[in-house]
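Enquirer: Would you be able to build a 3D model of this:
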Amino acid sequence: MVNMKNILVTGGLGFIGSHIADYFVAQNVSNNIILVDNYARSLFFNEISKRQIQNNLTLLQKHNNIKFYEKDIKDINFLKKLFQKFDFDLIFHTAGQTAVSYSIDNPYIDYQNNFFASINLLETIRKSKSNPKLIYFSSNKVFGDNVNNLKMLEKETRYEFQDPEFKGIPESFPVDHCQHSPYGISKLCSDLYIQEYGYTFELDFIIFRMSCIYGPQQLAVEAQGWINHLILNAIKDKTINIYGNGKQVRDILYISDLISIIKSLTHKNVKNKVYCIGGGYKNTISILELIELLENLLKKKIQYNFHKWRIADQKIYISDIKKASKELDWSPKISPKEGVIMLINYYRTQGYTL
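Expert: Sure thing, here's the model as predicted:
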């Protein structure tokens with residue numbers, strides 16, 4: 001890995017951002033790893049406290065090359081000053097509002113924290129002396145309800161694509177003429193603007209359109225982080241709310257497999273690429289199947305209730321990861337069952353009685 005002067009992580013105290021920072025700290029390849037976070041997650045979700053988010057900072061600040069700014073990237077004056085102080089090699093843009101349901105209740109806040117914040121970052125990069133590689137963490141929601149137009153089969157515990165040869169949604173799948181939710185649109189706008197800055201202003205970018213990422217240190221809530229949320233509710237003997245029929249399928253990716261992509265990316269000369277990132281068709285699970293797995297692993301019955309479908313929910317989403325696998329020499333290593341077991345064990349170390 002080439003030595004780097006400075007690395008910036010927006011949303012640096014979040015689930016993905018803190019894991020990225022932890023990885024680069026361990027590699028000892030950067031003079032400074034700058035984390036920017038405004039603790040917005042504690043404002044968006046009542047279930048999450050600022051103190052919980054600060055736990056990630058406590059872990060990371062044990063290292064001398066971690067620098068933290070409790071700031072908001074919607075503040076372009078702060079960004080200008082930050083870029084005057086540091087010449088960045090890598091920027092990981094993980095900050096943002098993360099829940100579809102929150103975006104429906106608060107579309108303007110969603111726009112501000114996702115799209116407007118991204119524009120501020122892009123403009124600051126364009127006008128600065130830095131020439132960094134920007135890695136943006138987008139979403140499968142950019143494809144919107146178009147996914148539901150694919151022919152599918154409804155089985156006992158899951159939906160499946162009708163065509164057995166169709167292994168998932170590729171980067172070229174259409175994104176227009178469909179409902180996305182305000183969250184999906186805000187992510188898509190940032191996604192496209194970053195691409196445009198690459199083409200028009202020669203910004204070096206990589207975009208990850210991600211499926212469901214899970215693992216330790218995720219402060220999951222019902223609206224976002226469903227794998228962690230269901231596991232923790234099952235451990236606590238809380239009734240789980242299922243929106244829809246529970247047969248919704250996602251490809252899931254354990255956080256260490258996501259970090260392995262970051263590792264590969266820093267060793268390869270790839271530029272201006274969009275990748276669909278997830279567990280792929282070999283690592284899929286439905287809500288009902290996760291509940292059944294948890295019942296077997298925890299050896300107890302889990303209670304759940306059904307509710308009406310959420311707006312713009314995709315009945316089945318599976319990432320076609322062939323492009324990322326080939327170009328980044330990467331593939332997921334941890335199966336859904338292995339990942340769930342690892343996460344259960346993590347919660348055990350956090351003091352939860354199983």
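
Enquirer: three-state assignment of Asn241?
Expert: Secondary structure for Asn241, judged by DSSP: H, G, I helix; E, B strand; the rest coil, is strand.

Enquirer: from what I can see it touches Lys308, true?
Expert: No: the pair Asn241 and Lys308 does not pass the contact test of CB atoms under 8 Å, sitting 10.8 Å apart. From N, CA and C alone the C-beta is placed, and that goes for glycine too.

Enquirer: can you give me the offset of stretch 81-94 from its chain's centre?
Expert: Offset of stretch 81-94 from its chain centre (CA atoms, centre = their mean, to the nearest Å): 20 Å.

Enquirer: Ok, stretch 77-88 next?
Expert: Its chain's C-alpha centre and that of stretch 77-88 lie 25 Å apart, by CA atoms, centre = their mean.

Enquirer: Show me the contact partners of it.
Expert: Counting by CB atoms under 8 Å, 6 or more residues apart in numbering, stretch 77-88 makes contact with 5-8, 32, 34, 36, 69, 71-73, 120-121, 124-125, 127-130, 132, all of which sit outside it.

Enquirer: rerun at 6 Å
Expert: Under the criterion CB atoms under 6 Å, 6 or more residues apart in numbering, residues Asn6, Leu8, Lys71, Asn120, Thr124, Ser128, Ser130, Pro132 lie in contact with stretch 77-88.

Enquirer: Next, the buried residues of that stretch.
Expert: Taking 16 or more other CB atoms under 10 Å as the basis for neighbour counts, the residues of stretch 77-88 that come out buried are Phe78, Leu79, Leu82, Phe83, Phe86, Phe88.

Enquirer: Can you classify the third one as helix, strand or coil?
Expert: Classification of Leu82 using three-state DSSP returns helix.

Enquirer: Ok, Glu160 next?
Expert: Local secondary structure at Glu160 is given as strand here, using three-state DSSP.

Enquirer: Okay, it and Leu293: tell me how far apart.
Expert: Using CB to CB, to the nearest Å, Glu160 is found at 18 Å from Leu293.

Enquirer: Which parts of the stretch 151-300 of the chain are strands?
Expert: Applying DSSP state E, counting those that start in this stretch to the stretch 151-300 of the chain gives strands spanning 152-154, 159-161, 204-210, 212-214, 240-243, 249-254, 273-277, 284-286.

Enquirer: List the contacts of the nearest residue to Ala95 once chain neighbours are set aside.
Expert: Among residues not flanking Ala95 along the chain, Gly11 sits closest, at 3.3 Å (CB to CB, 6 or more residues apart in numbering). Contacts of Gly11 were listed using CB under 6 Å, 6+ apart, and they are Gly17, Asp37, Thr94, Ala95.

Enquirer: Please flag which of these sit within helices.
Expert: Gly17 (DSSP state H).

Enquirer: Grab the two from the contacts of Gly11 that are most spread out in space.
Expert: Asp37 and Thr94 (9.5 Å; CB to CB).

Enquirer: Give me the more crowded residue out of the two.
Expert: For Asp37 versus Thr94, neighbours defined as other CB atoms under 10 Å are more numerous around Asp37 (26 against 23).

Enquirer: I'd say the more buried one and Leu13 touch.
Expert: Yes: applying CB atoms under 6 Å, one finds Asp37 in contact with Leu13, separated by 4.1 Å.

Enquirer: How about the secondary structure of the nearest residue to Ala40 once chain neighbours are set aside?
Expert: Spatially, and ignoring its direct neighbours in sequence, Ala40 is nearest to Asn113 (6.4 Å; CB to CB, 6+ apart). Remark: Asn113 carries the secondary structure label helix [criterion: three-state DSSP].

Enquirer: quick revisit: export the contacts of Gly11 as JSON lines, with columns for pLDDT.
Expert: Converted to JSON lines, the contacts of Gly11 look like this (pLDDT from 0 to 100):
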{"residue": "Gly17", "pLDDT": "97"}
{"residue": "Asp37", "pLDDT": "97"}
{"residue": "Thr94", "pLDDT": "98"}
{"residue": "Ala95", "pLDDT": "98"}
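
Enquirer: Quick check: the residue nearest to Ala40 vs Lys323, distance?
Expert: According to CB to CB, Asn113 and Lys323 sit 29 Å apart.

Enquirer: Compare those two (neighbour count), which wins?
Expert: Between Asn113 and Lys323, counted using other CB under 10 Å, the more crowded position is Asn113 (26 against 17).

Enquirer: Hmm, the more buried one is touching Ala95, no?
Expert: No: counting by CB under 6 Å, Ala95 is not a contact partner of Asn113; they are 7.5 Å apart.

Enquirer: how deep is Glu160 tucked in, by neighbour count?
Expert: By the measure other CB under 10 Å, the count of residues near Glu160 is 17.
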